[in-house]
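> pasting the sequence and the predicted model now:
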Amino acid sequence: MGKSFSTYETAWCPGCGNFSILRCLKTALEELNIDPAKVLMAAGIGQAAKTPQYISANTFCGLHGRSLPAATAAKIANENLTVIVNTGDGDSYGEGGNHFIHAIRRNVNITHFVHDNQIYGLTKGQSSPTTAEGHVTNAQADGNLNYPLNPVLLAIAAGAGFVARSFSGDTKHLTEMMKAAISYKGYALVDILQPCVSFNKINTFSYYKERVYYLETDHDYTDKAAAMIRAMEFGDRIPIGIFYREEKPDYHTKHKVLASKMPLVDQKYDPMIVQNLMNEFV
Amino acid sequence: MYNILIGGAAGQGIDTTVSILEKAFKKSGYFVYTVKDFMSRVRGGHNFMLIRFGNEEITSHSNKLDGIIALNEETIRLHQSKLKKDGFILCDSNFKGDFEAIRIPMEEKAKEFGNPRVSGTIAAGAVLKIFGVDFNHLENVLDTSVKKAYFQVNMQAVHYGYEATDNIYPHMGGKYKDFMLINGNQALALGAIAAGLKFYSAYPMSPATPIMEYLSRHSTAAGVVMEQAEDEIAAINMAIGASYAGVRAMTATSGGGFSLMVEALGLSGIAEIPVVVADVQRPGPATGLPTRTEQSDLKFVISASHGEFPRMVIALRNHEDAFYQTARAFHLADKYQIPVIILSDQYLGDTTSTVKKYDLSEIPSNAPLVSAADETKYIRYRITENGISPRRIPGKGDYFVTADSDEHDEYGFITESADVRVKMVDKRMRKLEGLMEELIEPEFLGDEDCTTLLLGWGSTYGPIREAITTLNDISGGKFGALVFGDIYPLPVKALTKYAKKAKNIINIEQNATGQLASLIREVTGIKCTGSILKYDGRQISGEEIADRLIKEGYNG
């Protein structure tokens, strides 16, 4: 066992699912024997996005919705960093929805943990992209008219190579999912169901507890069509586990400048390059 | 000095014809200056380029033509009025109309050679003969202007054109054959590479797109990762993320894309992560005129993003600035851990000029400025006298590097403390004091004892410079000009000195509201007495500046 990750006092509500997510994250990183000084925790803005503030690691707490582009580029710059994005459903699927799709396409080796409580917490109770239709909130007083986004299905459809769902109430499962996602070489998504004790009175701890079940051990997560069919199951019963997994070259492997294995941040600039480029204009 | 226009529809190969001509002129020793007037379409419409060349330095285009090379009949109709009395028209034998011209059966011959697209190359051959350029220069030039598979047919075409015409103008000789022919966008990209650029992200947008295309083409050789982002918001957030991780990073766009980037500009400001952003301006607002030029983003970029934070804005005046000032932008961004904005525009970006090879010894250090790991406990946002906190690269030692868009304490943790807030704002703003000391004063052109002082910024430098020469020849030295490169924070020393002596102060700008004049008045109280503004999407020329000043009664 290597160095441990210390945690700091938080600003979360008592009973919030974020506590167990943070605990599982810490355990996962320690069990994977990763040096905290080589970890970059990135986030946008929101309650979940405060996670990097509460763990001893390098942190990048950027703009709401924009953590994926920043985290992606930080990893491009230094592949020796373990880059993990911890942020919420609003940040990931709402404000940052476009970046979500394109982070998947880029397939840079980063891990994306979405604390999905199906509501906006920091702004105090408005609908998020995953809020159920009809859910009455402070800003959807007559009930949410929009259909909820299915992030697991979307991620598989968009071409993600690692797509899983877990539940903050099942710490053993969540830790295992986190370890598998961090170890996966490429963009990996874990959508983490999580109760919001203050602003979501529908999707509570017991709501999830009654519904979640493990994907069968014989679920073939290399079968994309099967994975998509299982991803569509979200209601009275909610499967958790790895829906889809595909080994494919990540961004670094394919990029001519990065494939040399020397991290970009360590590559030295050679003035002869500019001399040669200038000669092309003569 | 000669000036020719090559015109036709989009898709007729004007680019190739011009590429052959400008390279051959330069190889023959001439200084070459080419401007592009293209419509925002892929086929049809009317496009033209102006090539001005001669054996002396040229800093502006001109609308007085020695020759028109018409690839279609419309070109003649649109531009004939600008032809000098003894100028020539070169066109195809089958063009109808009652005008005097050198007519060559270009289309017919091109078909005969087996490729209708080489008729422009026939024209190029003819033009080179007209201007007395030695045919020997051509083989080399064609090699770099056309694809290998088309080399032979183009060689045949250029040879035919050359033989089909007579020489009119004697070659004047020139010393520029070993200079570069480079446009503003390429010079900017090269300056970034010379500064040690490692990561570039952008979303395609005219007229900034050639920067990303150049970097993509040379990515492997230059060791630069060029990533096309899904939008400009991602582009700048990527650049900031890469910079946080320790590599020099940049993004470029035009005004519309910059509008999307402004929130992240503030992130760079408060998180103190260096980033370089180039705005290659075009006329706005919204989509505006995509392929044309304007200087209307000045007041926008100096105040873009909510809240207050230090920033630097550098306007590029010419092809030297595009290289050296871009490199300097990286240095300043790193040194002060701030966003540095480069203001270019379509005119400079697309204009090709003859430039002396850049001197790399003029480039400041190309490694990111980071502090030595000498403290026992690393404090990312340590409050210091000059406002600059020690910066480190994450993952390179036993310390944590924090970055936060929330207000934060010295360690980078979120805080709402009133006391810390004030200290942090003051710390960040103190960086401006150091920056002010490094500002480069605007270049003064013309006569020290001038009574009329012209003020400009950015790409109007060249046209203003030509106008000053013309005006001082006429007036016996009553004109001077200050053209700003560093523009925000505004350097005021030279301005204060010359403004005191001048009777007339006239701002010359490519916008409708006189944004420089407004900034100067805000900062110094100095008021311009007159202005020359142009916002039709076309760059003002040296001739136009001189003509308008004379017409408005300024004779010194």
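Received the coordinates, thanks.
> all helices of the stretch 451-556 of chain B, in order?
For the stretch 451-556 of chain B, the helices identified by DSSP state H, counting those that start in this stretch occupy B:461-475, B:493-501, B:515-524, B:542-551, in order along the chain.
> okay if I get these as JSON lines plus mean neighbour count and distance to chain A?
Glycine gets a C-beta too; all of them are placed from N, C-alpha and C. Below are the helices of the stretch 451-556 of chain B laid out as JSON lines (neighbours: other Cβ atoms under 10 Å in any protein chain shown; distance: least, Cβ to the nearest Cβ, whole Å):
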{"stretch": "helix B:461-475", "mean neighbour count": "22", "distance to chain A": "19"}
{"stretch": "helix B:493-501", "mean neighbour count": "15", "distance to chain A": "31"}
{"stretch": "helix B:515-524", "mean neighbour count": "18", "distance to chain A": "28"}
{"stretch": "helix B:542-551", "mean neighbour count": "18", "distance to chain A": "25"}
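> same list, these, but as TSV with mean pLDDT please.
As requested, the helices of the stretch 451-556 of chain B are arranged in TSV below (pLDDT from 0 to 100):
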stretch	mean pLDDT
helix B:461-475	97
helix B:493-501	97
helix B:515-524	98
helix B:542-551	97
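> so which of those helices is nearest residue B:386?
Checking these against residue B:386 by Cβ to Cβ gives helix B:493-501 as the closest, at 21.5 Å.
> give me the contacts around that closest one.
Under the criterion Cβ atoms under 8 Å, 6 or more residues apart in numbering or on different chains, residues B:441-442, B:444, B:449-451, B:453, B:455, B:480, B:482, B:505, B:520, B:524, B:526 lie in contact with helix B:493-501.
> who wins for most neighbours among those residues?
For the contacts of helix B:493-501, neighbours were counted using other Cβ atoms under 10 Å in any protein chain shown, and residue B:455 has the most, 28 neighbours in all.
> quick check: beta-bridge partners of that one?
On the basis of DSSP bridges, residue B:455 is bridged to residue B:482, residue B:507.
> likewise for residue A:88?
Beta-bridge partners of residue A:88, as defined by DSSP bridges: residue A:115.
> mind listing what it touches?
Contact partners of residue A:88, counting by Cβ under 8 Å, 6+ apart, are A:44, A:46, A:47, A:48, A:49, A:114, A:115, A:116, A:117, A:120, A:121, A:128.
> now, which of those sits nearest chain B?
residue A:44 (8.8 Å; Cβ to the nearest Cβ).
> just the pLDDT for that closest one.
Residue A:44 is assigned 96 on the pLDDT scale.
> in contact with it, which residues?
Residues in contact with residue A:44 (Cβ under 8 Å, 6+ apart) are A:61-67, A:87-88, A:91-92, A:95-96.
> which non-adjacent residue is nearest residue B:329?
Leaving aside its sequence neighbours, residue B:329 sits nearest to residue B:340 (Cβ to Cβ, 6 or more residues apart in numbering or on different chains; 4.4 Å).
> list the neighbouring strands of the host helix or strand of the one you found plus their orientation.
Under the criterion of DSSP states H and E, residue B:340 resides in strand B:339-345. Using DSSP bridges, strand B:339-345 pairs in its sheet with strand B:275-281 (parallel), strand B:312-315 (parallel).
> got the phi and psi for the residue in the stretch 151-282 of chain A that chain B sits nearest to?
Chain B sits closest to residue A:281 of the stretch 151-282 of chain A, with a gap of 3.7 Å, by Cβ to the nearest Cβ. Main-chain torsions, residue A:281, degrees, to the nearest 10: phi -90, psi -10.
> for residue B:130, same thing?
The phi/psi pair for residue B:130 (degrees, to the nearest 10) is phi -60, psi -40.
> contacting residues for the closest residue to it other than its chain neighbours?
Leaving aside its chain neighbours, residue B:130 sits nearest to residue B:168 (4.9 Å; criterion: Cβ to Cβ, 6+ apart). Counting by Cβ under 8 Å, 6+ apart, residue B:168 touches B:88, B:130, B:131.
> any idea how far residue A:38 is from the second one?
For residue B:130, the distance to residue A:38 equals 66 Å [Cβ to Cβ, to the nearest Å].
> could you do the last one as well?
From residue B:131 over to residue A:38 the distance is 63 Å, taken as Cβ to Cβ.
> just the first one next, same as before
Remark: distance between residue B:88 and residue A:38 (Cβ to Cβ) = 69 Å.
> okay, now the unreliable bits of the chain?
Defaulting to chain A. A:1-2 (pLDDT under 70).
> actually chain B
Scanning chain B with the threshold set as pLDDT under 70 gives B:372-375, B:556.
> contacting residues around the closest residue in space to residue B:54 that isn't next to it in sequence?
Among residues not flanking residue B:54 along the chain, residue B:1 sits closest, at 3.5 Å (Cβ to Cβ, 6+ apart). By Cβ under 8 Å, 6+ apart, the contact set of residue B:1 is B:52, B:53, B:54, B:56, B:58.
> who's in contact with the closest residue to residue B:514 other than its chain neighbours?
Nearest residue to residue B:514, sequence neighbours excluded (Cβ to Cβ, 6+ apart): residue B:531, at 5.1 Å. Counting by Cβ under 8 Å, 6+ apart, residue B:531 touches B:506, B:507, B:508, B:509, B:514, B:517.
> isn't residue A:147 right up against residue A:133?
Yes: look at residue A:147 against residue A:133 with Cβ atoms under 8 Å: they come within range, at 5.5 Å.
> neighbours of the residue in the stretch 201-350 of chain B positioned nearest to chain A, how many?
Closest to chain A within the stretch 201-350 of chain B is residue B:241: 3.2 Å, counting by Cβ to the nearest Cβ. By other Cβ under 10 Å, the residues close to residue B:241 number 33.
> check the one 10 residues further on too.
Residue B:251 is surrounded by 31 other residues when neighbours are defined as other Cβ under 10 Å.
> I'd assumed it was in a strand, is it?
Yes: assessed by DSSP: H, G, I helix; E, B strand; the rest coil, residue B:251 belongs to a strand.
> right, I'll leave it there.
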